[in-house]
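Participant: test case, fold it:
(one chain, ligands or ions: 1)
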Amino acid sequence: MDATPETTADSVLAEFAAGICRRMAEGLLEHTGGELRSFLSAESARLQAALADPATLEPAEQPHDPPRFSRKGHVVINTNPVTSHRNVLAPLLTEKLEDDRAVATVGPLPRQYQGPRGMLHGGYVGVLLDQVLWDVVFHRLGHASFTRTLNLTYESPVPLGEELTVEGRVTKIDGRKTFAEGELRSGDTVCARAEGLWVSPR
Ligand SMILES: CCCCC/C=C\C/C=C\C/C=C\C/C=C\CCCC(=O)SCCNC(=O)CCNC(=O)[C@H](O)C(C)(C)COP(=O)(O)OP(=O)(O)OC[C@H]1O[C@@H](n2cnc3c(N)ncnc32)[C@H](O)[C@@H]1OP(=O)(O)O
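Facilitator: Predicted coordinates:
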C-alpha cells in the first residue's frame, strides 16, 4: 500500500475536529452568556475525549478528504472552501456529475452564512454556483480552468435552514473558452441563476 501522510484514524479525527469547529462557529451565533459557556465547554469536552481515545469515534468511518502525497512528495490537503470536509468554512456539497451536467445538494446552511435575516448572503450564493459550474467544466474538459466571468441574477431570497439544489450545465466550448450556466433552487423555487465563462490555461 502507498505511504500516506497520516493514518486513517487521524484523518477521521481531523474531520471530527472540523465538525466540532463548525458547530462551535454556529453556537457562537446562537448562544450568549452562560448558555454559550456551557455549549463551548460541552463541545471542547467532546473534542478532548476524541483526542484522548480516538477509538470512541465511529470505527467503520472513512475520511472524506484524507491528505495525500503529490508526485513530488509534498503533503496535499484538500483546502476547498466549499467541498472539503477538512475546511471548517466549507458548507459541504453532495454532488453528482454526468456528462455536461452537475447537480449538487447543500445544507441546510447554518447562521454563519446569513445575509438578510434567515437568508443566505448573496456572496455565498455566488460561491456555491461558481463551485458547481467550475466542477462541471472541469468534469467536461478533464482539466482545471479559471472562472473569467460569473453573472448572477438573484431571483428570490435563499432561505437558510433548508436543503438547496445547485445545478450546472456546460453550454458551449470554443477553443480555450467554456461557457456554463446554472441555477440555485430551494424546493421548486429558482432563487438565483448564473452564467459564466471559464478559460483554460494556455
Ligand atoms: C496551471 C493552471 C491551471 C489553472 C488552475 C485554475 C484553477 C484552480 C485549479 C485547481 C483548483 C481546484 C479546485 C478549484 C475549485 C473551484 C474554483 C472555483 C473557480 C475559481 O475560483 S477560479 C479563481 C477566480 N478566477 C481567477 O482568479 C481568474 C483571474 N483571471 C485570470 O487569471 C485571467 O484573466 C484568465 C486566465 C482567466 C484569462 O487570461 P488569459 O490571458 O489566459 O486569457 P485571454 O485574455 O487571452 O482570454 C482568453 C479568451 O477568452 C476571451 N474572453 C476573455 N474575457 C472574455 C469575456 N468577458 N467575454 C467573452 N470572451 C472573453 C478572449 O477574447 C479570448 O478568446 P479567444 O481565445 O477566442 O481569443
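Participant: C-alpha only now, for contacts and for neighbours.
Facilitator: OK.
Participant: which residue of this protein lies farthest from its centroid?
Facilitator: residue 34 (31.6 Å; C-alpha atoms, centre = their mean).
Participant: you'd agree that one is in a strand?
Facilitator: No: read with DSSP: H, G, I helix; E, B strand; the rest coil, residue 34 is helix and lies in no strand.
Participant: who does residue 102 form a beta bridge with?
Facilitator: Note on residue 102: beta-bridge partners by DSSP bridges are residue 97, residue 168.
Participant: contacts only, for it.
Facilitator: Residues in contact with residue 102 (C-alpha atoms under 8 Å, 6 or more residues apart in numbering) are 95-96, 132-133, 135-136, 167-169.
Participant: residue 185 against residue 164, yeah?
Facilitator: Yes: look at residue 185 against residue 164 with C-alpha atoms under 8 Å: they come within range, at 5.8 Å.
Participant: please identify which of the two sits among more neighbours.
Facilitator: In this view residue 185 and residue 164 are compared by other C-alpha atoms under 10 Å, and residue 164 has more residues nearby, 23 against 20.
Participant: is that one in a bridge, and if so with what?
Facilitator: Here residue 164 shows beta-bridge partners residue 106, assigned using DSSP bridges.
Participant: my read: it touches residue 187, true?
Facilitator: Yes: contact criterion C-alpha under 8 Å: residue 164 and residue 187 qualify, at 7.1 Å.
Participant: distance of residue 186 from residue 14?
Facilitator: 31 Å (C-alpha to C-alpha, to the nearest Å).
Participant: in the protein, which spans are helices?
Facilitator: For the chain, applying DSSP state H gives helices covering 8-28, 33-52, 122-141.
Participant: what residues does the protein have near the ligand?
Facilitator: Within the chain, the positions adjacent to the ligand are 130-131, 134, 144-149, 176-177, 199, 201 by C-alpha under 6 Å from any ligand atom.
Participant: run the last query once more with 5 Å
Facilitator: 131, 144-148 (C-alpha under 5 Å from any ligand atom).
Participant: now, of those residues, which are buried?
Facilitator: Using 16 or more other C-alpha atoms under 10 Å as the burial test, the residues of the chain next to the ligand include 131, 145, 147 as buried.
Participant: so residue 83 touches residue 95, yeah?
Facilitator: No: counting by C-alpha under 8 Å, residue 83 stays clear of residue 95, with 9.4 Å between them.
Participant: look at those two and report which has more neighbours.
Facilitator: Each of residue 83 and residue 95 has its neighbours counted (other C-alpha under 10 Å); residue 83 has more, 22 against 16.
Participant: contact partners for the nearest residue to that one once chain neighbours are set aside?
Facilitator: Spatial nearest neighbour of residue 83, excluding adjacent residues (C-alpha to C-alpha, 6 or more residues apart in numbering): residue 92 at 4.6 Å. When contacts are counted by C-alpha under 8 Å, 6+ apart, residue 92 touches 82-85, 106-107.
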